[in-house]
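A.B. asks: pasted the sequence and its predicted model underneath.
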Amino acid sequence: MKLYTLCPNTQRKVYLTLRAAHRSDLNFYITYVCPHDHQEHTISREDVRAEAELGAFAGGAVIGGLIGLLGGPLGAILGAGAGGVLGKNAENDENQRTDEFNRSH
């Protein structure tokens, strides 16, 4: 999951280099330099939002398919299917973690 805030001057997303599973894991105040207006801003942890990092479904299907090629065409099909299922589960978990972060205060 990627954490971001909105620049108070430009209202554009600014991705933060922070990692946290829960909002309470963050410092109460966070200072960053905005790449859009090049100014330093201090925000509260309540101003931080989370965004899911997606792509696991497609990546899982491709990797599973490539590994499955060792078993021939049927192996590639089965591998892509299995990889896609695992990737989709990973995306669902990511979405759940993101929702939990955004609901916490």
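C.D. replies: Looks like it came in fine.

A.B. asks: now residue 36. Nearest residue, chain neighbours left out?
C.D. replies: Distance criterion Cβ to Cβ, 6 or more residues apart in numbering; nearest residue to residue 36, sequence neighbours excluded, is residue 10 at 4.5 Å. The way it works is simple: take the backbone N, C-alpha and C, and place the C-beta from them, glycine included.

A.B. asks: hmm, residue 39 and the one you found touching each other?
C.D. replies: No: checked against Cβ atoms under 8 Å, the pair residue 10 and residue 39 is beyond contact range at 9.9 Å.

A.B. asks: coming back round to it: residues near the residue nearest to residue 36, how many?
C.D. replies: Counted with other Cβ atoms under 10 Å, residues neighbouring residue 10 total 13.

A.B. asks: state the helix or strand in which the most far-flung residue of the chain relative to its centre lies.
C.D. replies: Of all residues in the chain, residue 72 has its C-alpha farthest from the mean position, at 33.8 Å, by Cα atoms, centre = their mean. Secondary-structure assignment from DSSP states H and E places residue 72 in helix 72-103.
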